[in-house]
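> Give me coordinates for this.
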Amino acid sequence: MDLRTFLRDPIFVDRMTSLAAVSERLRTEDHVYVFIVNGGEIFAVKSFNFLLGQQEPLEQILDRLASESSLKIIPFADLTERVLDVLAESVTLVKYEGNLKYILREDFLLTMMSTGTNSEIAWLRNLFASIPRGLMIVDLNYAVVNSNAEAMRMLRISEKELPKMRMHELFGLQNFLYVADTHNSLLNQIVTTPTSQAAVLVDFVPLTMYQVVTGFALVLQDLPSVEAMAMELDSVKQLNQDLEAILSTIYDELIVVDSRGKLLRASDHYISSQWQQPPNTLIGQQILKLDSVDELIHKVIREVQKKKRKVSLMQSNGDYPRLSVGNPLFHKAGGLERIVIASRDLTEVSRLRRELEQTRKQSEDYRQELERLRDRVTKVHGVLPIYASPLMHEVMQEVERVAQFSATVLLSGESGVGKEIIANTIHSLSERRDHPFVKINCAAIPDTLLESELFGYEKGAFSGASQQGKTGLIIKAHKGSLFLDEISELPPIIQGKLLRAIQEREVYPVGATVPLKFDIQIIAATNRSLAELVAQGKFREDLFYRINVFPITIPPLRERKEDIALLANVFLTQFNQTYKRSLRLSGAAIELLEAYPFPGNVRELQNLIQRIAIKNDGEVIDSMVVERILMKQDPITVRQPGRFPQVIPLEQAFAQVEEELVTLAIKQFHSTTKAAKALGVSQATVSRKYRQILNRAPQRRA
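So this is what the prediction gives:
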């Protein structure tokens, strides 16, 4: 008898093989394992998983196996010397006479279950006796059937004592019960037995026949002996000392796991938010099975196992950002052998660099946003709608929708919100884009001239009229769009004539007897409530319904804070290009701008940025410059907190003290974030209260 007795013929399938084909072949042939070939790697899957009707596709099986190492191939000539490798794995691939075979560890161990004395079994026992590990074959009564001398030496028991002993008393009943119940091996268990009083590393392996556990194999390793032998080498000692010194002094957290995620080594320094106990107390345990280890470490291990390359992942739990980088190490055959994971707590780095990084990131975000907007919206008269807020995104969706039609549009919103830009955009996105876009400010033209401007006049229609006559703006906009800004300011008589023109789609120029037909899209705008003006009798109800076909309300800037930083940087870029400057806003300066209510909306922001740019010294606009200008816009006198000239209600006193403290904190720290930290509240709370303070300032001045 020799090792050829244990060779089996494998069944190989690739990832494209159907489950039905695999199952059919297994029904006609006796195979313990199915070997799945994926590229240059081979994985073993127990065949009864298929026979039980498992519906898992081979693709999913491979994804699941990505966390396991592929099988190594051992030349048959090396088997005797590498018998330990055979015992270490449940299945081993062997290259024999140019073909691939496989050996089951169970075949070895089941043979050892025999109590016979024939020469074939004796040969195998002699082979096992020569290996430098302890080996014990245990039956279901926990009695030892066979054992080599190394096992008895490790346990410090004699051959006479062995038959009387029950192994569950030495190695723990729970270990045997787990293996018997799950049919799975239990590996790398550190056990201190009553007989040896020394740590022993034990693998518990089930011995099965026809899917029934018939016994157990125990593979023992004397840990003190292994460590002592390794430390005998001076070079190993020195390398170990160097490694320990590095691991104890390095700032980053470092751990080393094997290809399956078992923790092999860990640095003294570790990130407490990732571990419920120090990682160096978990050596030998499977990290992926520990709920006490942060999910970020699990993700890094799984990603490296799957992708077989360096992986970097970042995660932030509240105020504790962390970065973990996993580097794979491969053995000579090309398979994954180790994973080195370095993790860093970025809290301190973030605190030191936050403002600079925020500024750079914001600049890049604004650049990308501008590029996206340029691609999405056609440029009109050098002006583009610029936004980042969900509210303006909804507005632009309405704009893009109505631009496909020629319906009359009514734009509503406060002064300075950008109604003219929206009107321009509607025209540029419509099929009328190649025709005129004509605009008129109804409040800027005297009532006596408004009719002739809108409808035109014939030559000699009135005193002082041009001899050639004049084409009205409505006719000039033929085939295009007419923008009627501040339509609420139209006098009643013009309202009536405009109503008729819209209804009939024709106009009579002043002095004309024949109407002129026109085809235009009318876009009206107002900063007042036309419905209220109708109720007051100041605006014609029928005209209101005529122009209110598709209303769009543009929100004020204070309701879309996300747009403030983007617009501010765009206006600053325009200033830089005009005056050959290279100014930029700091993160703290942007925070203060976002806290300001901007009653004048976008127009006020544009003017404010110009004023700030002119006043600023240097390239970076810091929060102090912005604060000084904002306080001049809305000056607030700060008294020493807690001093009042007279007795006032407590509620009023609390409000005043709160206002004074918020204003004082802004003046001192020039940042809503730092002010919030000093006051012990959130940044959003400080921003909201500071905005309320600025809103109340004009009322105090009045």
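> check contacts around Gly326.
By CB atoms under 8 Å, 6 or more residues apart in numbering, the contact list for Gly326 reads 300-301, 303-304, 310-313, 339-341. Any C-beta I mention is one placed from the backbone N, CA and C, and that applies to glycine too.
> For those residues, which single residue is the most surrounded?
Highest neighbour count within the contacts of Gly326, by other CB atoms under 10 Å: Val304, with 27 neighbours.
> circling back: mind checking which of the contacts of Gly326 land in helices?
If you go by DSSP state H, the contacts of Gly326 have 300-301, 303-304 in helices.
> Just name the closest of the contacts of Gly326 to Pro206, please.
Distances from Pro206 to the contacts of Gly326, taken as CB to CB, are shortest for Ile301 (26.6 Å).
> got a list of what the closest one touches?
Ile301 neighbours (CB under 8 Å, 6+ apart): 67, 257, 261, 287-288, 326, 339, 341.
> Go again with 6 Å.
Residues in contact with Ile301 (CB atoms under 6 Å, 6 or more residues apart in numbering) are Gly261.
> re earlier: max pairwise distance over the ones in helices among the contacts of Gly326: which two?
Comparing every pair within the ones in helices among the contacts of Gly326 by CB to CB identifies Ile301 and Glu303 as the most remote, at 7.4 Å.
> what bits of the stretch 251-400 of the chain have low per-residue confidence?
Within the stretch 251-400 of the chain, the segments meeting pLDDT under 70 span 251, 273, 316-320, 347-355, 369-384.
> what are the ranges of the helices in it?
Residue ranges of the helices in the stretch 251-400 of the chain, as given by DSSP state H, counting those that start in this stretch, are 295-307, 347-376, 390-402.
> Can you name the element that comes right after the last one?
Using DSSP states H and E, the helix or strand that follows helix 390-402 towards the C-terminus is strand 409-412.
> which strands and helices sit next to that following strand?
strand 521-526, strand 550-553 (3 or more CB pairs under 6 Å, 6 or more residues apart in numbering; DSSP states H and E).
> Could you rerun that using 8 Å?
Counting contacts by 3 or more CB pairs under 8 Å, 6 or more residues apart in numbering; DSSP states H and E, strand 409-412 is packed against helix 419-429, strand 521-526, strand 550-553.
> Of these, which stretch is the most buried?
Stretch with highest mean neighbour count among the helices and strands packed on strand 409-412: strand 521-526 (a mean of 25; mean count of other CB atoms under 10 Å).
> how far is that one from where the chain is centred?
For strand 521-526, the separation from the chain centroid amounts to 43 Å (computed by CA atoms, centre = their mean, to the nearest Å).
> continuing past it, what's the next helix or strand?
Next helix or strand after strand 521-526 toward the C-terminus (DSSP H and E): helix 530-535.
> Let me know the closest of the ones in helices among the contacts of Gly326 to Arg166.
Distances from Arg166 to these, taken as CB to CB, are shortest for Ile301 (38.4 Å).
> Can you classify Ala613 by secondary structure?
Secondary structure for Ala613, judged by DSSP: H, G, I helix; E, B strand; the rest coil, is helix.
> Identify the nearest residue to it in space, disregarding sequence-adjacent positions?
Phe575 (4.9 Å; CB to CB, 6 or more residues apart in numbering).
> Glu400 too?
Nearest to Glu400 is Leu429, by CB to CB, 6+ apart, at 6.1 Å.
> With Glu414 instead?
Of all residues not flanking Glu414 in the chain, Pro556 sits nearest, at 5.0 Å (CB to CB, 6+ apart).
> okay, now that neighbour: neighbour count?
The burial count for Pro556: 18, using other CB under 10 Å.
> shouldn't it be in contact with Gly413?
Yes - contact criterion CB atoms under 8 Å: Pro556 and Gly413 qualify, at 7.1 Å.
> can you give me the strands for the stretch 101-250 of the chain?
Ranges of strands within the stretch 101-250 of the chain are 134-138, 144-147, 186-192, 199-209, 212-222, based on DSSP state E, counting those that start in this stretch.
> which residues in the stretch 551-700 of the chain form strands?
Going by DSSP E, counting those that start in this stretch, the stretch 551-700 of the chain shows strands at 584-585, 620-621.
> Let me know which of these is tucked in deepest.
Counting by mean count of other CB under 10 Å, the most buried of those turns out to be strand 584-585, with a mean of 22.
> That one - what's its average pLDDT?
Averaged over strand 584-585, pLDDT sits at 92.
> That one - contacts with which helices or strands?
Here strand 584-585 touches helix 347-376, helix 562-579, strand 620-621, going by 3+ CB pairs under 8 Å, 6+ apart.
> partners of it in the sheet?
Sheet partners assigned to strand 584-585 using DSSP bridges are listed as strand 620-621 (parallel).
> Which residues does the partner strand contact?
By CB under 8 Å, 6+ apart, strand 620-621 touches 572, 583-586, 589, 612-613.
> Try it again at 7 Å.
583-586, 589, 612 (CB atoms under 7 Å, 6 or more residues apart in numbering).
> can you check stretch 395-412 too?
For stretch 395-412, using CB under 7 Å, 6+ apart, the contacting residues are 385, 387, 419, 422-423, 425-426, 429-430, 521-526, 546-554.
> how about 6 Å then?
Residues from elsewhere that reach stretch 395-412 (CB under 6 Å, 6+ apart): 419, 422, 425-426, 429-430, 521-526, 547-554.
> can you check stretch 434-450 too?
By CB under 6 Å, 6+ apart, the list of residues contacting stretch 434-450 reads 427, 453, 473, 476-477, 479-483, 485-487, 489-491, 494.
> Give me the ChimeraX select line for these, limited to the buried ones.
The buried subset of the contacts of stretch 434-450, as determined by 16 or more other CB atoms under 10 Å, is captured in ChimeraX by this line:
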select :427,453,473,477,480,481,482,483,485,486,487,489,490,494
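> Looking at the contacts of stretch 434-450, which are in helices?
When DSSP H is applied, the contacts of stretch 434-450 are split such that 427, 453, 473, 476, 494 fall in helices.
> Contact partners for the first one?
Just to be clear, that refers to His427. 437, 481.
> got the contact list for stretch 674-681?
Contacts for stretch 674-681 (CB under 6 Å, 6+ apart): 665-666, 669, 682-683, 686.
> If we use 7 Å, what do you get?
The contact list for stretch 674-681, computed with CB under 7 Å, 6+ apart, reads 661, 665-666, 669, 682-683, 685-686.
> C-alpha coordinates for it, CSV please?
Output of stretch 674-681 as CSV, limited to C-alpha atoms (Å, rounded to 0.1, in the frame of the first residue of the first chain):
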residue,chain,number,x,y,z
LYS,A,674,-16.4,77.6,15.8
ALA,A,675,-19.1,79.8,17.4
ALA,A,676,-21.4,76.8,17.7
LYS,A,677,-18.6,74.8,19.4
ALA,A,678,-18.0,77.6,21.9
LEU,A,679,-21.7,78.0,22.6
GLY,A,680,-22.3,74.3,22.9
VAL,A,681,-25.0,74.1,20.2
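> so for that stretch, what's the average pLDDT?
The average pLDDT within stretch 674-681 is 81.
> Please apply the same query to stretch 92-99.
For stretch 92-99, mean pLDDT is 87.
> That stretch: how far from the chain's middle?
Put simply, stretch 92-99 sits 47 Å off its chain's centre (CA atoms, centre = their mean).
> repeat for stretch 146-159
56 Å.
> Report the buried residues of it.
Buried residues in stretch 146-159, counted by 16+ other CB under 10 Å: 146-148, 150-152, 154-155, 157.
> before we move on, back to that, in TSV, list the strands of the stretch 551-700 of the chain along with distance to Asp345.
Converted to TSV, these look like this (distance: least, CB to CB, whole Å):
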stretch	distance to Asp345
strand 584-585	30
strand 620-621	29
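> who wins for proximity to Arg367 among those strands?
strand 584-585 (12.0 Å).
> what about the stretch 551-700 of the chain, any weak spots by pLDDT?
The low-confidence ranges in the stretch 551-700 of the chain, as defined by pLDDT under 70, are 632-648, 650, 652-653, 696-700.
> closest to Gln211 among the contacts of strand 620-621?
Nearest to Gln211 among those is Ser586, at 70.0 Å by CB to CB.
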